[in-house]
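Student: structure, please.
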Amino acid sequence: MSVAGCTANPTGAWMTQQARNLGLEVVDQAARFLVRDRDSKYTGAFDEVFRSQGIRIVKTPVRPPNANAIAERFVRTVRTECLDWLLILNRRHLERVLRVYVDHYNRERGRIARSSFGHPSRLSNPKKSPATYVAAIGSAA
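Tutor: Numbering: from 1, shown residues only. This next block holds a predicted model:
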């Protein structure tokens with residue numbers, strides 16, 4: 001799945017357009033749920049884009065203490081494995097780097113975690129160095 005566009009000031013209409021842009025990829029990957037918070041920029045039209053594809057909208061609880069833990073963990077992972085190793089030149093470069101990293105994260109990291117689960121011998125295998133991912137980003141032109 002790719003990273004949606006970037007803006008400093010997202011609105012409900014902008015978020016709905018991003019949902020439409022993302023819609024085909026989500027359907028191709030047979031997504032069944034969309035987990036989102038309760039921000040006002042997620043309008044009924046935004047939700048309807050996903051509902052029309054048969055995707056169930058799941059809203060996070062109101063003001064729970066640990067609801068953002070998974071998102072914060074992902075942001076920390078992106079920083080330590082990717083962004084801390086690169087000099088980002090501009091917004092376009094950042095979007096490209098994030099697209100490549102998210103693709104890597106969804107394809108490789110998930111498989112590594114799933115294959116390691118329940119197999120202690122695999123947990124001791126060393127991870128690839130971040131330089132490997134930086135090289136992949138540089139070559140993904």
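
Student: what strand or helix carries the residue lying closest to Val49 once chain neighbours are set aside?
Tutor: Spatial nearest neighbour of Val49, excluding adjacent residues (CB to CB, 6 or more residues apart in numbering): Ala19 at 4.0 Å. Any C-beta I mention is one placed from the backbone N, CA and C, and that applies to glycine too. Assignment of secondary structure by DSSP states H and E places Ala19 within helix 12-28.

Student: show me what that helix is packed against.
Tutor: Judged by 3 or more CB pairs under 8 Å, 6 or more residues apart in numbering; DSSP states H and E, the packing partners of helix 12-28 are helix 44-51.

Student: can you tell me the strand partners of the next helix or strand after the helix it packs on and which way each runs?
Tutor: Moving toward the C-terminus from helix 44-51, the next helix or strand (DSSP H and E) is strand 56-59. Sheet pairing of strand 56-59 (DSSP bridges) gives strand 33-36 (parallel).

Student: mean confidence score for the partner strand?
Tutor: The pLDDT scores in strand 33-36 average 85.

Student: and if you look at stretch 5-18?
Tutor: 87.

Student: run the chain-centre distance for that stretch.
Tutor: Mean-position distance between stretch 5-18 and its chain equals 16 Å (CA atoms, centre = their mean, to the nearest Å).
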